[in-house]
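S.K.: following is a predicted model, sequence given first.
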Amino acid sequence: MSHDLLIRNGRVIDPESGFDEVCDVAISGDTIKAVGADLGHATREIDATGLIVAPGFIDIHAHGQSVAADRMQAFDGVTTSLELEVGALPVSAWYEAQAQIPRVLNYGTSVAWIFARRFAFGGYTLDGAAHPIDQLGKASDDNSWSVAAADGDQTKTLVELTREGLNQGAIGIGIPNGYAPGAGVKELTRICDLAAEFDCPTFTHIAFASNIDPQSSIESYVRLIGLAGATGAHMHICHMNSTSLLDIERVVELIAKAQAMGLPVTTEAYPYGAGSTVVGAGFFADPEFTQKSGSDYSAIELVKNHHRFTGRDDILRASDENPSDLVVWHFLDVEANDYHRTLLDTSVTYPGGSIASDAMPWIEPDGSIYAGMAWPLPEQVLSHPRSAGTFTRFLREYVVERETMPLIDALAKCTLYPAQVIEGRAPQIANKGRLRAGFDADIAVFDLAQVRDRATFEQMNQPAEGVVHLLVAGQTVIADGALDTSASPGRPIRAASA
Amino acid sequence: MSVPILLVTGFLGSGKTTLINDLLQDEHGMRIAAIVNDFGAINIDAALLESASDEVIGLKNGCICCSLQGDLLRTLKQVLTNNAPDLIVIEASGVADPQGIIQALLDPVLWPAVLLDSVVCLLDAQDVIATPERTTDPLWQVQVKSADIVQLSKVEGVESKDLSRLTLQLSAMGKRMVYGADGKSGLLNGLLGFGASSRTSASGMPVQSDGRFETLEWHCKDPIPMAAFQNAIGAISPTLLRAKGFVCFMEKPDKQMVFQLVGQRATLAPRTQAGEGCALILIGEKQVFDAQACRAVLDAVIK
């Protein structure tokens, strides 16, 4: 039997079955035909000796959505790149516009609740073909769509528009609540009713990112968990790392409990540290404080009233009462403080949680989104480094350097888990994220020892290293570390009903 | 070294643009780039500032607190390309909570290039005294709370007892650095100079002041315990206006940190260049700041 392509002698890993062996992979057309030894002859061969052969990564939080963004993500191991947190509206127009672009990676969108909301509040024109990030950033003199609660009529309008988007095949509903914190629970229950009716996931950027009640991150997460329980909607939490701040340990306790009770709640994170703020005594709250500092709590005096603390509980109470009484500490980068690294780790290594990039579009110096085809990317275009390095950075730091988890578990976070978030709604995805006979030939072949992100603020458009070959639908995107600039195998991912 | 950023916040009409214009025209010898964040489609503030400097850039996407982080990233990149300025001034929208910008500026990715130095809130003294309910406006409150330094504007014609009451009210909100009651912005400029002129080393930093400030230099060749250092800073910060320099902690003895303190806000970030030990410069107002007592507190950290 003759195949189109044979990937020979690589370490083949399938996170779902636990398969992890050095063997061959045979591909014909867009499908994996066989995995094992002696698979027969093929028209073309790739020698993968010493390399990992894994399912291509599925990024369920990617705002790039352009050829340039696809190519940069290809070097990060990504084969499917989905705009789910913001989304598009109308959805059909978005897919039609994408079909005109030689997309490299598989693409798809959710329906944009937030644009339905802007429309319902008036003075806003829907444009499904426009880039969602441009649409979101469109200036308006009246920002009530962001800060105000919707009335009955507005709610009705925005729910109907969202329903249309689902009818047009949207993968889920984007709920970037953080950009419209005025949206109330009554409105959101209606949106979540829709999600339950269509059996599709919702993707939430929580309303509030703060460690202080009211309007804390915890309040937002509990509201989201409540929506899952009260409406039955699948609530996916976007970038848990960036919105939980210092409360991440409490956040994962609550989410784990909700999940244990069977509620449909899932999570994602990216491995970039946020500058963290320790309000008041947070840093002193370290149980090993006295040991580490060699000083007793009584050595700490509250400036305001010269109160000397009696112990950890005392200082925590004071910091809760009035955090502004104490110095506020900002730690830039997890390098500055081990505790902050632990906090980031808690998000990134959360069991069952996906890795997702929150990749931003590549923009020109004038702020317009770069839609060109130049490769390498032009010097002047820029985007956040995570748009080019999320997955390779995760593998480098969490698997290679710090050995926080086995490679197969790390790969599950990049492939299987994100697939499981959406495959109930988008059946095409059920054929992805696995590396076995019969599944789609979306494959990343990488050198684990070499894999690393290279993008920095100084040089944002440096592609990641270590991905040697990348296939999308059996077609070559990267071969021997070089991009095939003619490759455009990306396909639309949509709901079955479309 | 990172270029320091001054973030200017304040209510609509509080004098942010005037302050930035003054800064741009002041003969301090610093190259300043201004970034203006107007809310709405027309960039009026950018147009107003245009005459003062060719380094004025308007943020395109309205309100950056709606976190179009790409826009801030792009603008900073634009400002830093070619000949990087000595100081970047960002004017926050008068109708926005500056926390969005502060959060965006705390992205570690930015750190090797830029570092948030101080947040200044402009406060229209006439307005607050004539309209006391202003102080209960949540937006006004978040703007003042975010600030390291409060600069009063429009103090002409305001009675001194009213000004004292206002200063007291601000101090109850934890604001100790309140300037401009004398109608000048000189003290503010002095403190900004402290941040901007100290880019290469902690020692020998020229401090521009009008004689009201006292400074202390403190050195230590060995790493110090992190929590004890935080403890010491917590203890001396009420008498300090600013502190800046390099510290090396026993927890990470091979890596120096850049330490910055403005008012009650301290920042720690990894230093990009190699270096050893600790070197700090601290500044306070003469009648409050006891340099020798402060030195003793820091010396105790070593033991």
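M.R.: On my side now, so go ahead.

S.K.: need the residues of the stretch 151-300 of chain B near chain A, please.
M.R.: B:173-174, B:225-228, B:230-231, B:233-235, B:237-238, B:251-252, B:255, B:257, B:261, B:264-270 (C-beta under 8 Å from any C-beta of the partner chain). In short, each C-beta sits where N, CA and C put it, glycine included.

S.K.: take these and keep only those in helices.
M.R.: Of these, the ones assigned to helices by DSSP state H are B:Met226, B:Ala227, B:Ala228, B:Gln230, B:Asn231, B:Ile233, B:Gly234, B:Ala235.

S.K.: ok, the fourth one to B:Phe249 distance?
M.R.: Distance, B:Gln230 to B:Phe249, by C-beta to C-beta, to the nearest Å: 10 Å.

S.K.: could you do the third one as well?
M.R.: When C-beta to C-beta is the yardstick, B:Ala228 and B:Phe249 sit 10 Å from each other.

S.K.: ok, B:Asp137 next?
M.R.: Distance from B:Asp137 to B:Phe249, by C-beta to C-beta: 41 Å.

S.K.: for A:Pro418, pull up the helix or strand it's in.
M.R.: helix A:416-422 (DSSP states H and E).

S.K.: who's in contact with that helix?
M.R.: The contact list for helix A:416-422 (C-beta atoms under 8 Å, 6 or more residues apart in numbering or on different chains) reads A:15-16, A:55, A:57-60, A:82, A:84, A:171-172, A:201, A:234, A:236, A:266, A:268, A:352-356, A:429-430, A:432-434.

S.K.: quick one: buried residues of it?
M.R.: For helix A:416-422, burial by neighbour count (16 or more other C-beta atoms under 10 Å in any protein chain shown) applies to A:Leu416, A:Tyr417, A:Pro418, A:Ala419, A:Gln420, A:Val421, A:Ile422.

S.K.: then stretch A:378-387?
M.R.: Neighbour counts over stretch A:378-387 (16+ other C-beta under 10 Å) mark A:Val381, A:Leu382, A:Ser383, A:His384, A:Pro385, A:Arg386, A:Ser387 as buried.

S.K.: which two among those residues are spaced furthest apart?
M.R.: A:Val381 and A:Arg386 (15.5 Å; C-beta to C-beta).

S.K.: tell me how far the residue of the stretch 51-200 of chain B found nearest chain A lies from B:Asp162.
M.R.: Going by C-beta to the nearest C-beta, chain A is nearest to B:Leu106 of the stretch 51-200 of chain B, at 2.7 Å. B:Leu106 sits 36 Å away from B:Asp162 when distances are taken as C-beta to C-beta.

S.K.: of these two, who's got more company?
M.R.: Taking other C-beta atoms under 10 Å in any protein chain shown, B:Leu106 and B:Asp162 do not tie; B:Leu106 has more neighbours (22 against 15).

S.K.: can I assume the more buried one is in contact with A:Ala336?
M.R.: No - if you go by C-beta atoms under 8 Å, B:Leu106 and A:Ala336 don't touch, sitting 11.4 Å apart.

S.K.: can you pull the pLDDT of the nearest residue to A:Val467 once chain neighbours are set aside?
M.R.: Counting by C-beta to C-beta, 6 or more residues apart in numbering or on different chains, the nearest residue to A:Val467 once its immediate chain neighbours are dropped is A:Phe446, at 4.7 Å. For A:Phe446, the pLDDT comes out at 98.

S.K.: who's A:Phe446 bridged to?
M.R.: Counting by DSSP bridges, A:Phe446 is bridged to A:Ile52, A:Val467.

S.K.: what sits against it?
M.R.: Counting by C-beta under 8 Å, 6+ apart, A:Phe446 has contacts A:Leu51, A:Ile52, A:Ala54, A:Gly77, A:Leu395, A:Gly466, A:Val467, A:Val468.

S.K.: of those, closest to chain B?
M.R.: Using C-beta to the nearest C-beta, the contacts of A:Phe446 come closest to chain B at A:Leu395, 18.9 Å.

S.K.: state the distance from that closest one to A:Ala388.
M.R.: Counting by C-beta to C-beta - A:Leu395 and A:Ala388 are separated by 14 Å.

S.K.: residue closest to the middle of chain B?
M.R.: B:Ser118 (1.0 Å; C-alpha atoms, centre = their mean).

S.K.: can you tell me the element that residue falls in?
M.R.: strand B:114-124.

S.K.: which strands border that strand, and is each parallel or antiparallel?
M.R.: Applying DSSP bridges to the sheet, strand B:114-124 is found paired with strand B:3-10 (parallel), strand B:149-153 (parallel).

S.K.: residues in contact with the last one?
M.R.: What that stands for is strand B:149-153. Outside strand B:149-153, the residues that touch it by C-beta under 8 Å, 6+ apart are B:14-15, B:18-19, B:118-125, B:144, B:163, B:166, B:170, B:175, B:177-181, B:185, B:188, B:191, B:262-263.

S.K.: now a PyMOL select for only the buried ones of those.
M.R.: Buried residues within the contacts of strand B:149-153, by 16+ other C-beta under 10 Å, are selected in PyMOL with:
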select buried, chain B and resi 14+15+19+118+119+120+121+122+123+124+125+144+163+166+170+175+177+178+179+180+181+185+188+191+262+263
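
S.K.: contacting residues around A:Ser347?
M.R.: A:Met240, A:Asn241, A:Ser244, A:Ile248, A:Val252, A:Thr267, A:Ala269, A:Gly353.

S.K.: and it, how far is that from chain B?
M.R.: Using C-beta to the nearest C-beta, to the nearest Å, A:Ser347 is found at 15 Å from chain B.

S.K.: correct me, but A:Pro427 touches A:Ile493?
M.R.: No - if you go by C-beta under 8 Å, A:Pro427 and A:Ile493 don't touch, sitting 9.7 Å apart.

S.K.: run a quick neighbour tally on A:Thr125.
M.R.: A:Thr125: 10 neighbours (other C-beta under 10 Å).

S.K.: tell me who's in contact with it.
M.R.: A:Phe119.

S.K.: where does the stretch 151-300 of chain A dip in pLDDT?
M.R.: Within the stretch 151-300 of chain A, the ranges that satisfy pLDDT under 70 run A:275-300.

S.K.: where do the helices of it begin and end?
M.R.: Assigned by DSSP state H, counting those that start in this stretch, the helices in the stretch 151-300 of chain A fall at A:152-167, A:185-198, A:217-231, A:240-244, A:248-260, A:289-293.

S.K.: so where do the strands sit in the stretch 51-200 of chain A?
M.R.: Counting by DSSP state E, counting those that start in this stretch, the stretch 51-200 of chain A has strands at residues A:52-55, A:57-59, A:78-88, A:106-112, A:173-175.

S.K.: among the ones you listed, which is nearest A:Ala487?
M.R.: Of all those, strand A:78-88 sits nearest to A:Ala487, with 11.6 Å by C-beta to C-beta.

S.K.: ok, the closest one: who's next to it in the sheet?
M.R.: Using DSSP bridges, strand A:78-88 pairs in its sheet with strand A:57-59 (parallel), strand A:106-112 (parallel).

S.K.: turn the ones you listed into TSV, including mean neighbour count and mean pLDDT.
M.R.: As requested, those are exported to TSV (neighbours: other C-beta atoms under 10 Å in any protein chain shown; pLDDT from 0 to 100):
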stretch	mean neighbour count	mean pLDDT
strand A:57-59	31	98
strand A:106-112	30	98
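
S.K.: which among these is found nearest to A:Asn461?
M.R.: strand A:57-59 (18.1 Å).
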